[in-house]
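# Model the following, please.
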Amino acid sequence: QVRLVESGGGLVQAGGSLRLSCAASGRTFSSYAMGWFRQAPGKEREFVAAISWSGKRTYYANSVKGRFTISRDNAKNTVYLQMSSLKPEDTAVYYCAADEAYTAVQISPDYWGQGTQVTVSS
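Residues are numbered from 1 along each chain as shown. Take a look at the predicted model:
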C-alpha cells in the first residue's frame, strides 16, 4: 500500500505560480512512478504529468507542457508539480498518483491521493 497526501493548493491570480507537493508513505517510494491528474467541475479527471521512478523520464499533457514541471525527491518521498503561467482553465482538484509502471501511472494508477484544490482567478 502507498499513501499519498497532497498539499500546496490554493487561490492564485492568472499568470501566477504555485507548487504542489505530494508526500508518500508506505512501500518504497523510489520504486514507483508518480503522476499528477486533475479534475475540473463537471469534467472528467485528466492526466497532467508523470515522472519515472528515477526522475529521468517525464511526460506532460499538451495543455500544460512548457508551463508545468514535475519533479521528485526520493530522499524525501515527495513528488512536486511546479505550475507557472497559470490560467483560469487550470482550476481543478489536483490529484497525486502512483504506480509501479511508468506507462500505467499515466492511464490508470493503482494509488491516489485525496486531492488539493487549485483555483486560478482571472
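
# how much space between residue 78 and residue 85?
23 Å (CB to CB, to the nearest Å). All C-beta spots, glycine's among them, are computed from the backbone N, C-alpha and C.

# Looking at those two, which one has more neighbours?
Just comparing residue 78 and residue 85: by other CB atoms under 10 Å the higher neighbour count belongs to residue 78, 18 against 13.

# Residue 71 is in contact with the more buried one, correct?
No - in this structure, residue 78 is not within contact of residue 71 by CB atoms under 8 Å, at 9.3 Å.

# Kindly spell out which helices and strands sit in contact with the helix or strand where residue 119 lies.
Element membership for residue 119 (DSSP states H and E) is strand 116-121. Packing partners of strand 116-121 (3 or more CB pairs under 8 Å, 6 or more residues apart in numbering; DSSP states H and E): strand 10-13, strand 18-26, strand 92-99.

# In terms of secondary structure, what does the longest one contact?
Judged by 3+ CB pairs under 8 Å, 6+ apart, the packing partners of strand 18-26 are strand 2-7, strand 33-39, strand 78-83, strand 92-99, strand 116-121.

# please redo it, this time with the cut-off set to 7 Å
Other elements packing on strand 18-26 under the criterion 3 or more CB pairs under 7 Å, 6 or more residues apart in numbering; DSSP states H and E are strand 2-7, strand 78-83, strand 92-99.

# Give me the angle between the strand holding residue 119 and strand 33-39.
Interaxial angle, strand 116-121 versus strand 33-39 (axes from the mean of the first three to the mean of the last three CA atoms, to 10 degrees): 50 degrees.

# just the CA coordinates of strand 116-121, formatted as PDB?
What follows is strand 116-121, C-alpha atoms only, in PDB (Å, rounded to 0.1, in the frame of the first residue of the first chain):
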ATOM      1  CA  THR A 116      -5.900  19.500  -3.400                       C
ATOM      2  CA  GLN A 117      -7.900  22.400  -4.800                       C
ATOM      3  CA  VAL A 118      -6.300  24.900  -7.200                       C
ATOM      4  CA  THR A 119      -8.200  28.000  -8.200                       C
ATOM      5  CA  VAL A 120      -6.900  30.500 -10.700                       C
ATOM      6  CA  SER A 121      -8.800  33.800 -10.800                       C
END
